[in-house]
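Chemist: Predicted model follows, preceded by the sequence.
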Amino acid sequence: MNTKKIHFAGETALLLVLLINSLGVDLMSKSGLGISTISSVPLIFNNVFPIIFFGTWNYIFQTLLVITLMILKRSFCPGYLFSFVIGIGFGKMIDVHNIWVQTLPNALPLNVFYFIMGFFLMCFGICLANNCMLPIIPTDIFPRDLSEILKKKYKLIKTSFDLSCLTTTVILSLVILHRFYGIGIGTVFCAFLTGKTVSIIQKFAGEHIEFYRLTGKKRMMLGRNVRHA
């Protein structure tokens, strides 16, 4: 049965990604239950070198991911250049949200709520980013494009990427700080379930949303360009 799909501008989706993904990262950090696996790497560097803001460390990490993709593709990808700009915006929004998120009250029930809200905001934002037809945050580009390069399902690449970030954070924590930092039950939860959750959201949204470009005639049925199955 055909259902009428909601038409959604990719440019609007990208703006939402910058707003909600950065908020999701800050909410999970605020919860104290463990930050997202992707953000755990720049978080530990922020702890060791606090003179550089957390958002800026995120940008540095994202830059390294984009460089890695270009090495794997063995070519310079002009479309990735704008992703650097998006990465800067994402890092700045983390710092902006962090100002007011840190004023929120602390209590175990509230912290659990902060983490759950941050997790689903992040997963929804990743789904939007993967399908907005525009250069996106490098941490979202990496698993999406790597799944295409390796011809593997997105959720498998995403889970492997998150587990790699978790392992890196554990090693850096023990070597540099001699203790675990930024890692909690929530971090492990994110490592194993982010890819699967994004895929579930993608499948649901794919039945109801069609993206289009305000700056061009390109249209795309949600989910057609990402290996989520």
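Modeler: Yes, it's here.

Chemist: quick one: the strands in the chain?
Modeler: Along the chain, the segments classed as strands by DSSP state E run 6-9, 209-212, 219-221.

Chemist: Columns distance to Phe192, mean neighbour count and mean pLDDT on top of those, output as JSON lines?
Modeler: C-betas here are computed from N, CA, C, even on glycine. Shown next, in JSON lines, are these (distance: least, Cβ to Cβ, whole Å; neighbours: other Cβ atoms under 10 Å; pLDDT from 0 to 100):
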{"stretch": "strand 6-9", "distance to Phe192": "29", "mean neighbour count": "14", "mean pLDDT": "86"}
{"stretch": "strand 209-212", "distance to Phe192": "27", "mean neighbour count": "19", "mean pLDDT": "86"}
{"stretch": "strand 219-221", "distance to Phe192": "29", "mean neighbour count": "14", "mean pLDDT": "47"}
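
Chemist: Give me the neighbour count for the residue nearest to Phe76 when sequence neighbours are not counted.
Modeler: Spatially, and ignoring its direct neighbours in sequence, Phe76 is nearest to Met70 (6.1 Å; Cβ to Cβ, 6 or more residues apart in numbering). Look at Met70: counted by other Cβ atoms under 10 Å, it has 13 neighbours.

Chemist: do the one 3 residues further on as well
Modeler: When counting by other Cβ under 10 Å, one arrives at 14 neighbours for Lys73.

Chemist: go on, the one 10 residues further on?
Modeler: Burial of Ser83, expressed as a neighbour count using other Cβ under 10 Å, amounts to 25.

Chemist: could you measure it against Val17, distance?
Modeler: Distance, Ser83 to Val17, using Cβ to Cβ, to the nearest Å: 12 Å.

Chemist: so what sits against both of the two?
Modeler: The contact sets of Ser83 and Val17 overlap at 136-137 (Cβ atoms under 8 Å, 6 or more residues apart in numbering).
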